[in-house]
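Sharing a model that was predicted from the sequence below.
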Amino acid sequence: MDSSGHQGAATRRAIRTRFAIPAIAASLALLLVPAPAARAADDKPSAADQTCLGCHGADGMEKTLADGDKLSLHVDGDTFAKSVHAPLGCTGCHTNIDLQSHPPASNDIKSAREFSLTAVNICRTCHSDKFDEWDTSVHAALVRDGNVRAPLCTGCHSPHAVIKGAAATIEQIPCQRCHQDIYKAYLGSVHAQARQNPATSYAPVCSGCHGAHAIKPVVTLGGPKAACLGCHADALEKHQAWLPNAALHFDIVSCPACHAPGAERQVDLMIYDKRSQAQVTEEGVPQFEPRPGATDTDESLDAMALWRLLTGLNNTDRTSNIVLHGRLEVRTGPEAHRLAAKTKALSNCATCHSHGSDAFENVTISVVGQDGRRIRQEASPGVLTSAISTRSVGGFYAIGATRVRLLDVLLILGFFGGLAFWVGHLTIRWLYKHYGLNRS
């Protein structure tokens, strides 16, 4: 097992370990009380909590950890008194305190990350339902994989400053701590503008589309469509009034591709197993091949490499039927969140349905990673116009849209050839009926 595997295993063991409060961090409480301290009517810390805050209310109180990092031990008393945890008091969470030896002579904490990992189970004591939701999320998958930046409970919720409803305000959205680029893009969106208007203050923030704890990557064939239709349930009906084949567009065009008009668009070819009705994961997929003559910095797949990839996947397992599902989408996460008002949405068919459209020159191939997110590989410009791609794009071919001229020509020839056969057949029958019978 490699180092990341060891780190992931260590992380899982840490989360499952019974929570034991490090004595130095437990110094938030100096006095045991028989019941949780009641919250004062004037939003002031209780007498017992004020005893703890006698030390921990001091600005700059911190501990140097074994790795040299600093762990803050400061708690703002006024903020804590207004928090949802105030009725519990300090000892509601910090129960393992030995008053006779507090603070301890020594208490080594290896790192702030280790401290946060051990703190997870104390949150789980009261919030087991939220923990179970989080455990199914992409964040939990990253933690299990050993990613030290993946958020735990305290990464989003400061335990001493959890104010009910605060996360619903734009300024307090905790997601911005890790997703600053997406947050800035959201601030310029129609959703953020509506959120700040009292008449439309129900407009979504991050959790409105992604959920608060059971956060999943957007890897389904519908992409963000499911989240959008949660509020815009009549969107398909409204589009059918002016958009030809609206249902097909909803299946293969991501909503931001039109509703983020300034974004750069691309076609993503998702490797998909038709028999299992699921996207193919990275496990078992051979390494993407660079096209002949490609440099180390240019590893995009050309049409031949793509054809070999699909052929290899279908030959290795006869129980599968591997195809490509294409979807038009924006290239980056921030662009997907920079949604404009519907009056500014793209509605000109020529934007995509014209020769040389930029979106069809920017192509990626994708599989699903172990954490549920898509892993993409760049494809060469022109991969959707090559005759070699005829078989590769058969799973999502649409005349005039996929840009494979050979398929368009063959389809047109097939249509008119079939029409000519029946016209010729009926013509011969008519001639035979009117002239052949007269001769006899």
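Here it is on my side, so go on.

Secondary structure element holding residue 427?
helix 405-431 (DSSP states H and E).

Let's test this: mean pLDDT of that helix, rounded?
Here helix 405-431 scores 77 as its mean pLDDT.

just stretch 164-181 next, same as before
Rounded mean pLDDT across stretch 164-181 is 90.

buried residues in it?
By neighbour count on 16 or more other C-beta atoms under 10 Å, the buried set for stretch 164-181 is 166-167, 170, 173-176, 179. For glycine as for every other residue, the C-beta is placed from the backbone atoms N, C-alpha and C.

just for this structure, where's the confidence low?
Applying pLDDT under 70 to the chain flags the ranges 1-42, 98-99, 220-222, 284, 286-299, 316-319, 390-391, 394-408, 436-440.

Residue ranges of each domain in it, please.
3-164, 167-210, 257-403 (automatic domain parsing).

now the ones you listed in a markdown table, with distance to residue 432?
Formatted as a markdown table, the domains of the chain follow (distance: least, C-beta to C-beta, whole Å):
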| stretch | distance to residue 432 |
| --- | --- |
| domain 3-164 | 70 |
| domain 167-210 | 67 |
| domain 257-403 | 36 |
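
can you count the residues close to the nearest residue to residue 123 once chain neighbours are set aside?
Distances taken as C-beta to C-beta, 6 or more residues apart in numbering place residue 153 nearest to residue 123, at 4.3 Å, with adjacent residues excluded. Residues lying near residue 153 (other C-beta atoms under 10 Å) number 19.

do residue 431 as well
That count, for residue 431 with other C-beta under 10 Å as the rule, works out to 10.

Counting by contacts, list what the helix or strand hosting residue 114 packs against.
Secondary structure from DSSP H and E places residue 114 in helix 112-126. Where contact means 3 or more C-beta pairs under 8 Å, 6 or more residues apart in numbering; DSSP states H and E, helix 112-126 is packed against helix 3-16, helix 128-135, helix 153-156.

contacting residues around residue 228?
Residue 228 sits next to 209, 235, 255 when contact means C-beta atoms under 8 Å, 6 or more residues apart in numbering.

Tell me how far it lies from residue 197.
As judged by C-beta to C-beta, to the nearest Å, residue 228 and residue 197 stand 20 Å apart.

Which one of the domains of the chain lies nearest to residue 434?
Closest approach to residue 434 among the domains of the chain (C-beta to C-beta): domain 257-403, 37.9 Å.

could the buried residues of stretch 164-181 be laid out in TSV, adding distance to residue 144 and secondary structure?
Listed next are the buried residues of stretch 164-181 as TSV, based on distance: C-beta to C-beta, whole Å; DSSP: H, G, I helix; E, B strand; the rest coil:
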residue	distance to residue 144	secondary structure
166	29	helix
167	25	helix
170	31	helix
173	25	coil
174	21	helix
175	20	helix
176	24	helix
179	20	coil
